[in-house]
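# model the following, please.
(2 chains)
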There are 2 protein chains.
Amino acid sequence: MTTAAPITVDTVLQARWIVPIEPNDVILDNHAIVINKGKIVAIEDAAQIKANYATENYIALKHHVLLPGLINAHTHAAMTLFRGLADDLPLMDWLNQHIWPAEQHWMNESFVRSGTQLAVVEMLRGGTTCFNDMYYYPDIVANVAQDSGIRAVVGLIIIEFPTPWAQSADEYIRRGIRVHDEVRNLELVTTAFAPHAPYTVSDSSLKKIQTLADELDIPLHMHVHETANEVEQSIKQHKIRPLERLSQLGLLTPRLIGVHMTQLLDSEIKVIASEGVHVVHCPESNLKLASGMCPVQTLIDANVNVALGTDGAASNNDLDMLGEIRCAALLAKGNSSDPMAVPAHQALSMATINAARSLGLDQQIGSLLPGKAADIIAVDLRHPSTQPVYDPMAQIVYSACREQVTDVWVNGKHIVANKELRGIDVSALLDDVAGLGVNINQYDERHEDDLPS
Amino acid sequence: MTTAAPITVDTVLQARWIVPIEPNDVILDNHAIVINKGKIVAIEDAAQIKANYATENYIALKHHVLLPGLINAHTHAAMTLFRGLADDLPLMDWLNQHIWPAEQHWMNESFVRSGTQLAVVEMLRGGTTCFNDMYYYPDIVANVAQDSGIRAVVGLIIIEFPTPWAQSADEYIRRGIRVHDEVRNLELVTTAFAPHAPYTVSDSSLKKIQTLADELDIPLHMHVHETANEVEQSIKQHKIRPLERLSQLGLLTPRLIGVHMTQLLDSEIKVIASEGVHVVHCPESNLKLASGMCPVQTLIDANVNVALGTDGAASNNDLDMLGEIRCAALLAKGNSSDPMAVPAHQALSMATINAARSLGLDQQIGSLLPGKAADIIAVDLRHPSTQPVYDPMAQIVYSACREQVTDVWVNGKHIVANKELRGIDVSALLDDVAGLGVNINQYDERHEDDLPS
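Numbering: from 1, shown residues only, chains lettered A, B, ... in the order given. The predicted structure is shown next:
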């Protein structure tokens, strides 16, 4: 056998363990990942990689697991600025008395910029490399994401009431399409239509959005069956449940990313399975607002693709995907009375490849395979909470905390290095948002008594 | 008004916020805590404290919350060494096929020492200043706790099968009493009898233990109604449910710390309320093993004292009380379909004053009141995940992670300073337990196929 000259590449990452997610439930010992021009070139035994590749950037991570960057499949990034503004309240009080009035007063370009920056910092430091957003000013969200080096699917929001972003459904749609055109050259950004929910968007708007989504070939991201109340109201107003209404409007297709889905009949599970609708499970938000429990294991058994999201920080109250993974894995067991429900590798898949699939990005991200983008995170298991290590996947799901994420690469770029964010002045940002928080708090307290209950 | 000369004291801690837990639901802004000879002397406005006290150790924490040290009301500390050994399995398979065989083979003084040291490091770094333990070699647990500077209630375990610690119920009791005598002069240690569970301890042993507990005036710490299976087996064997059996044996008293309690009839809730039995809720363990859900809000409404525990790291898989507090607050809402169930201040009380009460230590610890021991922790909220701050209690419960605990004092001693443990060589300990883990893993894999299923 002749020895070929080593190939020069940008980066090689060697780690104690690699969890590639694809193939499923595999742990690679002492392997290395070769990265070149933003993409994964090879994953092989470290000795072999050393023989075949040369690089000026060889990083050896002795106590770490490398895995695909986590994908937050549902959030409202800018709402970090309302984190903890109004807790321990029912959903409709929380929305009507606090969140919507605060949004009417505060929400503008600068609010969305600061809030999204804060969210992006929190997400990157916690190992999230891509987020699926639903909020106003998606153009701002897109630019913050691109500038910060995180991948984003920005939601072109539609809701049938006026906000500073748009006055009518038509204007929301028009502005959304303009944003879609504006951001198409941003390397890290794609778009989805984001009609808020069946109860806040009309039949005619939903039909229009579906047509446009087909035309632009982008997903459709919507809250669906979040609470029992939503279902009841739909039956009162439309004589049918929201999912049936969406079905009649032609929205149940593989484009649909249905978020929450806590209220599901067996017949509805069959329909979303056969139509290829994706479900995003947001366990912490569902628990906190007592919205109901998504039947995750039943959905998985029915071959529905289930992804994970944090929801916004106003109802969670963090954007910590490791925490969300743990909660999903634990809650599924308790909820189905089956300790084997959603095992560790399944929970990790929900936050990686399943999420990528829901966003139509599974050819690019969601697992560590040659040809995919180098969106990778390193989790240091040398910590009192994650020793000894019998199964690194179990340690990540059941024991690790977000502060053990030491390094993050997006598209091959080393964004977080040894827990430090590169290129973002976190301290200045924290000062900025702390100041905003003081103003918002004073406003909320002044107006709390004036609002209709 | 004449000005008295300032009183010289050991330490003054000034912080942006103080959450004293007693009085309930109070947040003090820009106050300070005076500590002398291990005890809290005063908590007042920082300016006033500065005028009245002098110290060489004035610590100002600009972005932090001070609160009482967290109390882990149920754990098996040394089981950190089995963390992640066998996940995603039913309780009885987990116990019979993995945990109990591993214990028979591995458990000895040195195992308990290393495992408890690891647990103590994890707990102290995460803000836990006291733990209620149930494990073999309680003398070792006591000494590790005292040497490390953490407070502990060591469980004098009784179980009706032989282990390296004791061969018979009588020997367990005898050795337990000896440990009680040996540790009585350790400043940070008290004891409790710890009969494992109704299904593993006989009537005659339970009666004997109750008599001895009354004599020594110590609590009685036991798993009770952990699973539906436990209740069914008791009905088969004893014709009555375990709580009824304990009632007939005279065990339902304010001495009893009943752990788990996922299976409770309304009539049983009434009885434990009227008898003053304490309940320890372990939400993550109950979810992970799918044991059932403890009706926390119903218990609180019935005036039952509910504390929080992590359980052992083999079924959790961490000893992170902040994570447990969040899980308890979220799960209670989802489980009772009430977003107002277990609000933030209630969840914090469960991990502090309620836990202290269950252990009979509420005169010494569990809240920041003058006269109590200075068991205090500082949580830094200047972090992307906990900004802005509207309500520091909500930030701690719903957003903060254990790594934001920067400082820990136990009995006035500064044990963790700026995230560093004083007096413990963490690196050497991690090397030690990593080595142990390799051996245990090889043994578990070799023996997995030999065991009866």
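
# contacting residues around stretch A:404-423?
A:10-11, A:13, A:35-39, A:59, A:61, A:64, A:69, A:121, A:124-127, A:129-130, A:148-151, A:187-188, A:322, A:373-381, A:383, A:385-386, A:403 (Cβ atoms under 8 Å, 6 or more residues apart in numbering or on different chains). Any C-beta I mention is one placed from the backbone N, CA and C, and that applies to glycine too.

# in that stretch, what's buried?
Neighbour-count burial for stretch A:404-423 flags A:404-416, A:421 (criterion: 16 or more other Cβ atoms under 10 Å in any protein chain shown).

# among those, name the ones in strands.
Taking DSSP state E, the ones among those that sit in strands are A:405, A:406, A:407, A:408, A:409, A:410, A:413, A:414, A:415, A:416, A:421.

# ranges for the helices of the stretch 51-200 of chain A?
Taking DSSP state H, counting those that start in this stretch as the test, the helices found in the stretch 51-200 of chain A are A:91-93, A:100-106, A:109-125, A:138-148, A:169-182.

# and these, which is most packed in?
helix A:109-125 (a mean of 25; mean count of other Cβ atoms under 10 Å in any protein chain shown).

# packing partners of that helix?
Based on contacts counted as 3 or more Cβ pairs under 8 Å, 6 or more residues apart in numbering or on different chains; DSSP states H and E, the elements that helix A:109-125 packs against are strand A:128-133, helix A:138-148, strand A:405-410, strand A:413-417, strand A:420-421, helix A:426-447.

# any chance of those in TSV, plus mean pLDDT?
Shown next, in TSV, are the helices and strands packed on helix A:109-125 (pLDDT from 0 to 100):
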stretch	mean pLDDT
strand A:128-133	98
helix A:138-148	98
strand A:405-410	98
strand A:413-417	98
strand A:420-421	96
helix A:426-447	87
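
# would you map the strands across the stretch 201-350 of chain A?
A:220-224, A:256-260, A:278-281, A:306-308 (DSSP state E, counting those that start in this stretch).

# could you dump those strands to a markdown table with distance to residue B:92, mean neighbour count and mean pLDDT?
Conversion of the strands of the stretch 201-350 of chain A to a markdown table gives the following (distance: least, Cβ to Cβ, whole Å; neighbours: other Cβ atoms under 10 Å in any protein chain shown; pLDDT from 0 to 100):
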| stretch | distance to residue B:92 | mean neighbour count | mean pLDDT |
| --- | --- | --- | --- |
| strand A:220-224 | 39 | 27 | 98 |
| strand A:256-260 | 34 | 27 | 98 |
| strand A:278-281 | 29 | 29 | 98 |
| strand A:306-308 | 29 | 28 | 98 |
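
# a markdown table for the ones you listed, including distance to residue A:116?
Formatted as a markdown table, the strands of the stretch 201-350 of chain A follow (distance: least, Cβ to Cβ, whole Å):
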| stretch | distance to residue A:116 |
| --- | --- |
| strand A:220-224 | 16 |
| strand A:256-260 | 19 |
| strand A:278-281 | 19 |
| strand A:306-308 | 20 |
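
# what's the closest of the ones you listed to residue A:77?
strand A:220-224 (13.3 Å; Cβ to Cβ).

# relative to strand A:128-133, how tilted is the closest one?
70 degrees (axes from the mean of the first three to the mean of the last three Cα atoms, to 10 degrees).

# tell me what residue A:61 is bridged to.
Residue A:61 has these beta-bridge partners by DSSP bridges: residue A:15.

# list the contacts for it?
Here residue A:61 is in contact with A:13, A:14, A:15, A:16, A:378, A:380, A:406, A:407 (Cβ under 8 Å, 6+ apart).

# recalculate using a threshold of 10 Å.
A:13, A:14, A:15, A:16, A:17, A:18, A:32, A:378, A:379, A:380, A:406, A:407 (Cβ atoms under 10 Å, 6 or more residues apart in numbering or on different chains).

# next one: residue A:226
A:91, A:197-199, A:242, A:258-263, A:282, A:285-286, A:289, A:291-292, A:294, A:311.

# if we go to 6 Å?
A:260, A:291 (Cβ atoms under 6 Å, 6 or more residues apart in numbering or on different chains).

# just residue A:318 next, same as before
Per Cβ under 6 Å, 6+ apart, neighbours of residue A:318: B:385, B:399.

# same check on residue A:51?
Neighbours of residue A:51 in contact, by Cβ under 6 Å, 6+ apart: none.

# near chain B, which residues of the stretch 1-150 of chain A show up?
A:84, A:85, A:87, A:88, A:90, A:121, A:122 (Cβ under 6 Å from any Cβ of the partner chain).

# now the residue nearest the centre of chain A, which residues is it bridged with?
For chain A, residue A:72 is the residue whose C-alpha lies nearest the centre (Cα atoms, centre = their mean; 1.4 Å). Judged by DSSP bridges, the bridge partners of residue A:72 are residue A:131.

# residues touching it, list them.
Applying Cβ under 6 Å, 6+ apart, the residues near residue A:72 are A:128, A:131, A:309, A:310, A:321.

# the residues you listed: which two are farthest apart?
A:128 and A:309 (10.3 Å).

# flag the shaky bits of the stretch 301-450 of chain A, pLDDT-wise.
For the stretch 301-450 of chain A, the stretches flagged by pLDDT under 70 are A:447-450.

# where does it come near chain B, residue by residue?
So the stretch 301-450 of chain A meets chain B at A:317-318, A:330, A:333-334, A:337-340, A:343, A:382, A:384-385, A:387-388, A:390-391, A:394-395, A:398-399, A:401-403, A:430, A:433-434, A:437, A:441 (Cβ under 6 Å from any Cβ).

# now a PyMOL select for only the buried ones of those residues.
Buried residues among those (16+ other Cβ under 10 Å), as a PyMOL selection:
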select buried, chain A and resi 317+318+330+333+334+339+343+382+384+385+387+388+390+391+394+395+398+399+401+402+403+430+433+437+441
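
# among the residues of the stretch 301-450 of chain A next to chain B, which lie within helices?
A:330, A:333, A:334, A:394, A:395, A:398, A:430, A:433, A:434, A:437, A:441 (DSSP state H).

# which two of those have the greatest separation?
Farthest pair in these, by Cβ to Cβ: A:394 and A:441, 40.5 Å.

# and residue A:223, bridged to which residues?
Bridge pairing for residue A:223 - DSSP bridges - gives residue A:259.

# so it makes contact with residue A:257?
No - counting by Cβ atoms under 6 Å, residue A:223 does not reach residue A:257; the two are 10.0 Å apart.

# look up how far residue A:30 lies from the closest residue to chain B within the stretch 151-300 of chain A.
At 3.8 Å from chain B, residue A:287 is the closest residue in the stretch 151-300 of chain A, using Cβ to the nearest Cβ. According to Cβ to Cβ, to the nearest Å, residue A:287 and residue A:30 sit 39 Å apart.

# settle it for me: which of the two has more neighbours?
A side-by-side neighbour count of residue A:287 and residue A:30, using other Cβ atoms under 10 Å in any protein chain shown, places residue A:287 first with 25 against 13.

# what about that one, distance to residue A:318?
Taken as Cβ to Cβ, the span from residue A:287 to residue A:318 is 13 Å.

# on that earlier part again, pLDDT at the residue of the stretch 151-300 of chain A closest to chain B, what is it?
For residue A:287, the pLDDT comes out at 97.

# and what of the one 4 residues further on?
If you check residue A:291, the pLDDT there is 94.

# wait, a strand at residue A:34?
Yes - judged by DSSP: H, G, I helix; E, B strand; the rest coil, residue A:34 forms part of a strand.
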